[in-house]
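> Turn this into a model:
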Amino acid sequence: MDLTAKDSWRLEWGDGVYFSHFTIRQAGVATLFSPNLWPEVLGVTEAVPGHLLHLRVRMEGLVVNLVNIYAPTTSPKRPQFYQQVSDFPGTLDSHECLVLGGDFNTTLEEQDRSGAELIPAAVNILREIVEHHSLVDVWRDHHPDDTSTFIFVRVEAHQSHHSRLDRIYLSRFHLSQAHSSNIRPAPFSNHHLTTITASLSAERPGPAYWHFNNSLLEDEGFVTSFREFWLAW
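Numbers count the residues shown, from 1 in each chain. Here you go, the predicted model:
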């Protein structure tokens, strides 16, 4: 993205636009804040120019780490990039909210693609990142049985390949604050638009009454082990 394009975006959008670009035709990510939001920006880091942009902001008393990524499209570079991504969240405060989103150019689940994943090394590293930092794919959590909604469609040799490359991950602790998630067509793009609606605040849930999960009564293994425990006790 050249300076003219950046200036044009800022003129149309206003303040609250943050870029990390590579070249005018290759790579680039941007984070834009609504003029009605006005978060306090605590820090901006271009960890990998054009591919990984980190903003640390405070909204409603909650500190949020917004990590915006665009994974390389070429196979040799993708595992190396995810290794860089893997190292980065470790520099963040684990007690702060983490939002990881963008075009991953990689899927983790079979139901998110129509064919085989071509770069298993990248998949393994990304899965480790998600599990280690307790991140949840918000759209998949809201639509666990959906196998027909995709982000990107590529047609070649009279065959179409479907995949859900663009995703938004949220810290598991804050998952309950994500109210909705959608995928819808976007004009002037070969990717669909992924959105989540969440209410993020610094308030933590208060104490609640414990209640038994009745579905465990249908688990024969649990029932057997509990019966043995109860008789022995």
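> Do you have the helices of the chain handy? List them.
3-13, 77-87, 120-132, 138-142, 220-232 (DSSP state H).
> Relative to residue 127, how far out is the closest residue to residue 26 other than its chain neighbours?
Excluding its sequence neighbours, the residue lying closest to residue 26 (Cβ to Cβ, 6 or more residues apart in numbering) is residue 50, at 7.2 Å. C-beta: built from backbone N, CA, C; applies to glycine. Counting by Cβ to Cβ, to the nearest Å, the separation of residue 50 from residue 127 is 24 Å.
> ok, the two, which is more surrounded?
residue 50 (18 against 14; other Cβ atoms under 10 Å).
> quick revisit: in contact with the residue nearest to residue 26, which residues?
20-23, 26-29, 70 (Cβ atoms under 8 Å, 6 or more residues apart in numbering).
> how does it look with 10 Å?
1, 19-23, 26-29, 70, 72 (Cβ atoms under 10 Å, 6 or more residues apart in numbering).
> One more: residue 119?
71, 74-79, 82, 105-106, 125.
> Which of these sits closest to residue 137?
residue 106 (12.4 Å; Cβ to Cβ).
> who's in contact with the closest residue to that closest one other than its chain neighbours?
Excluding the flanking residues, the one nearest residue 106 by Cβ to Cβ, 6+ apart is residue 122, at 5.0 Å. Applying Cβ under 10 Å, 6+ apart, we find residue 122 in contact with 71-72, 75, 77-83, 104-106.
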